[in-house]
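Q: A structural model of the following input is requested.
(one chain, ligands or ions: 1)
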Amino acid sequence: MEDYKFLFKVVLVGNAGVGKTCLVRRFTQGLFPPGQGATIGVDFMIKTVEVDGEKVKLQIWDTAGQERFRSITQSYYRSAHALILVYDISCQPTFDCLPDWLREIEEYANNKVLRILVGNKTDREDREIPRHIGEDFAQRHGMYFLETSAKEAENVERLFMEIAVELMEQAKCKELPKYDGSLGPINGKTTSVGDGSCCLRS
Ligand SMILES: Nc1nc2c(ncn2[C@@H]2O[C@H](COP(=O)(O)OP(=O)(O)OP(=O)(O)O)[C@@H](O)[C@H]2O)c(=O)[nH]1
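A: Residues are numbered from 1 along each chain as shown. Okay, the predicted model is just below:
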């Protein structure tokens, strides 16, 4: 039996090419993969971290951004404890699609899911979306907000660690059932986490 006290499912969504896979690889393997191909369907990785001396296992689901995989990826929203919605700060269309992603989240995710908006690729010099525009959008939609660079490892560790801390705090308050690793929460119970209405601590 593996030794961990909490297991949380974190799902990344967002347009193709925004860097979801690179964020996951950076966090779980500490690398920025060269020539990363598009994700087909859904992929997942595990990383166990320690928060306040307790082991927290993060099961991180990396979904394909391409439209043709949408029906597969939607089925992963429901049991997510946290959803990371990613856009590329150097690519306006990826930001313009955020309302469409929010509609998907409204439709398929638990309405109490922890939501985080992430503007990735801060290392790029051709920024199109100013930081405050991303921040405003997140605030208006009750989401946490962070800008990251998977390439330069900026804020990536922080992103996942703050999610782990937040989910653990909520789990302690609400006594989330321990997730058994299957797609649905155990005992058929729908887990309920947080009200998703504040901003990531800075
Ligand atoms: N400059 C820069 N490039 C990045 C960063 N993160 C990812 N990329 C590049 O962006 C491209 C797409 O990265 P992926 O991680 O495959 O994007 P994705 O969102 O997983 O794409 P799909 O799997 O198609 O949904 C790759 O060429 C990466 O090298 C970053 O932080 N900075």
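
Q: the strands in this structure, which residues?
A: 6-13, 42-51, 54-63, 82-88, 114-120, 144-147 (DSSP state E).

Q: between those strands, which one is nearest to the ligand?
A: Nearest to the ligand, of all these, is strand 114-120, at 5.1 Å by CB to the nearest ligand atom. (Glycine included, C-beta is placed from N, CA and C.)

Q: ok and that closest one relative to strand 82-88, angle-wise?
A: 20 degrees (axes from the mean of the first three to the mean of the last three CA atoms, to 10 degrees).

Q: how far off strand 6-13 does strand 114-120 point, in degrees?
A: 50 degrees.

Q: what are the pairing partners of strand 114-120, and which direction each?
A: Strand pairing for strand 114-120, using DSSP bridges, gives strand 82-88 (parallel), strand 144-147 (parallel).

Q: Using TSV, please lay out these together with distance to the ligand and mean pLDDT.
A: What follows is the strands paired with strand 114-120, written out as TSV (distance: least, CB to the nearest ligand atom, whole Å; pLDDT from 0 to 100):
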stretch	distance to the ligand	mean pLDDT
strand 82-88	6	98
strand 144-147	10	98
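
Q: In the chain, what helix or strand scores lowest on average pLDDT?
A: helix 70-74 (a mean of 80; mean pLDDT, DSSP states H and E).

Q: thinking again about what came up before, make CSV out of the strands of the chain and add mean neighbour count and distance to residue 100.
A: Shown next, in CSV, are these (neighbours: other CB atoms under 10 Å; distance: least, CB to CB, whole Å):
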stretch, mean neighbour count, distance to residue 100
strand 6-13, 24, 11
strand 42-51, 15, 19
strand 54-63, 21, 14
strand 82-88, 26, 11
strand 114-120, 26, 14
strand 144-147, 22, 19
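
Q: Tell me which of those approaches residue 27 most closely.
A: Of all these, it is strand 42-51 that lies closest to residue 27, at 6.5 Å by CB to CB.

Q: for the closest one, the distance to its chain's centre please.
A: Relative to the chain's own centre, strand 42-51 is displaced by 11 Å; criterion: CA atoms, centre = their mean, to the nearest Å.

Q: Adjacent strands (with direction) for it?
A: strand 54-63 (antiparallel).

Q: contacts for the partner strand?
A: Strand 54-63 has contacts (CB atoms under 8 Å, 6 or more residues apart in numbering) with 2-13, 20-21, 24, 27-28, 39, 41-50, 69, 73, 76, 80, 160, 163-164, 167-168, 179, 181.

Q: From residue 77, how far off is the residue most central in space within the chain?
A: The centroid of the chain falls nearest to residue 84 when counting by CA atoms, centre = their mean (2.5 Å). Counting by CB to CB, to the nearest Å, the separation of residue 84 from residue 77 is 12 Å.
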